[in-house]
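1. kindly generate the corresponding structure for this input.
(one chain, ligands or ions: 1)
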Amino acid sequence: MVLDEEEPPSLVDITHSSASAGANPITSQLQDISLTKVPLTIITGYLGAGKTTLVNYILKEQHGKKIAVILNEFGDSADVEKALTVTQDGQESQEWLELANGCICCSIKDSGVNAIESLMSRRGTFDYILLETSGLADPGNLAPLFWVDDGLGSTIYLDGIVTLVDAKNILLSLDEEPVEGTTDAQHQGMHMTTAHLQVSHADVIVINKCDTVTPEQLEMVEQRIQAINGLAKIHKTQYGQVPRLESFLLDLHAYDGVDSLDVMGKGHSHLDPTISTITLPLPPLTPHHLSSLELWLRSVLWDSTLPAPQASRSESSFAIHRLKGRIFTTDGAVKMVQGVREVFEIVDLDRGGSEGGVEGKLVLIGRGLDEGAFGGSLRACLDGS
Ligand SMILES: Nc1nc2c(ncn2[C@@H]2O[C@H](COP(=O)(O)OP(=O)(O)OP(=O)(O)O)[C@@H](O)[C@H]2O)c(=O)[nH]1
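-> Below you'll find the model as predicted:
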């Protein structure tokens, strides 16, 4: 194993090799790098799903990237809050390891945002960050830290969330009783588990440990996963060996592009009563429609309230985890909608606009979603504007 917590890797003096560049072209290259945001991929997954195995596999592959890895307990919802305020007093340990393929692996065992700020002080020595969360992490709490433009988001951009699931145990994890005192308990009644949260927020789902199940069991796992998150790309692996890492796991641009909004597994929606994926078609929108759509999203995402005609629907009977959309305007522009929990943005898209046959739509992944009710509410909102 490359990253072994018991046996720390030997130290490499990265500072020296950067400094020795002096005032030459490499210096200006470093300055250029300092202006570029560094992509970050969150790797999450339930206890023992194979996160460390996948990270080690990525580090050993030839992909031409210098990757910094943050391994930590980061991501338990309470910890994120604490991490934003608590200063680290000597808890941080940094170990720099140079790998055969040119990766520079910095493992920071730390439970805070400070770890990432500290890492960023070494900018120029790596060009990609992998953040391996704890098995109990809720990625919906983490994503906005790197996605929004202020704070960490000014130096890092969130490239995507990869969720590992253990083919043998994922169905049990999805069906287990929520545990009191954890994130699960907040969602009691809807039978929400940490596994649901990790699957619903994923851009890519790696069904790992395929050697431990029969083809029939694997099929059931895949259908259940697709019923929850119909947008995520699914890869089935043993020991995390995902092929073509550069396009399947890294450089996904899942938060600054909406290339594919095809929802898979629509016929399986009965398989998971808690979380589902729904698609709402959007006609070309006028400027008035756009304002109405924004109001509709605020009501749905911020207040958990579906605007008329379903206004009688009780508050908080649903929750959106992930939202993606493509909007065409009547004047020919193309926009993208991205959302995680209550955070959302609508931005101009400079690609993907002119392909024939592509329609405007919103895709929502979340708890308690009813496609008919949401579609009716959205149509009524747009018709009224
Ligand atoms: N049979 C089998 N075992 C696997 C596979 N992938 C990983 N393992 C083993 O599963 C165990 C757990 O893997 P890890 O990579 O440590 O899992 P993790 O998600 O990082 O675990 P935590 O950090 O404890 O949550 C290890 O013993 C791995 O060797 C696989 O595809 N098949």
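
2. who in the stretch 151-300 of the chain is up against the ligand?
-> N208, K209, D211, T212, Q238, Y239, G240 (C-beta under 6 Å from any ligand atom). C-beta here means a position set from N, CA and C on the backbone, and glycine is covered the same way.

3. cross these against strands and list the overlap.
-> Counting by DSSP state E, the part of those found in strands is N208.

4. of the residues of the stretch 151-300 of the chain next to the ligand, buried ones?
-> N208, K209, G240 (16 or more other C-beta atoms under 10 Å).

5. so what's L218 up against?
-> Listed by C-beta atoms under 8 Å, 6 or more residues apart in numbering, the contact set of L218 reads A167, I207, C210, K236.

6. contacts only, for the second one.
-> Spelled out, that is I207. Contacts of I207 by C-beta under 8 Å, 6+ apart are V165, A167, I170, L218, V221, E222, I225, I234, H235, K236, T237.

7. what is the nearest of these to the ligand?
-> Checking the contacts of I207 against the ligand with C-beta to the nearest ligand atom, the nearest one is T237 at 6.4 Å.

8. right, and the closest one touches I205 too?
-> No. Using C-beta atoms under 8 Å, T237 is not in contact with I205; the gap is 10.7 Å.

9. more neighbours: those two, which one.
-> I205 (25 against 20; other C-beta atoms under 10 Å).

10. so K335 sits in a strand?
-> Yes. K335 sits within a strand when classified using DSSP: H, G, I helix; E, B strand; the rest coil.

11. ok, it - how many residues close by?
-> 20.

12. so it bridges to which residues?
-> I327, D348 (DSSP bridges).

13. how much space separates it from I275?
-> 26 Å (C-beta to C-beta, to the nearest Å).

14. how near is the nearest residue to G360 once chain neighbours are set aside to the ligand?
-> Of all residues not flanking G360 in the chain, L282 sits nearest, at 3.6 Å (C-beta to C-beta, 6 or more residues apart in numbering). Computed as C-beta to the nearest ligand atom, to the nearest Å, the L282 to the ligand distance reads 38 Å.

15. try P307
-> Distance from P307 to the ligand, by C-beta to the nearest ligand atom: 41 Å.

16. can you pull out the strands in this structure?
-> Under DSSP E, the chain gives strands at 38-45, 67-71, 93-98, 104-109, 128-132, 156-166, 204-208, 233-236, 275-282, 319-328, 334-340, 343-348, 360-367.

17. how many neighbouring residues does the nearest residue to K65 once chain neighbours are set aside have?
-> Excluding its sequence neighbours, the residue lying closest to K65 (C-beta to C-beta, 6+ apart) is Y128, at 4.6 Å. Using other C-beta under 10 Å, Y128 is surrounded by 19 other residues.

18. kindly report the same for G267.
-> 10.

19. check the one 4 residues further on too.
-> A count of nearby residues for L271, using other C-beta under 10 Å, gives 16.
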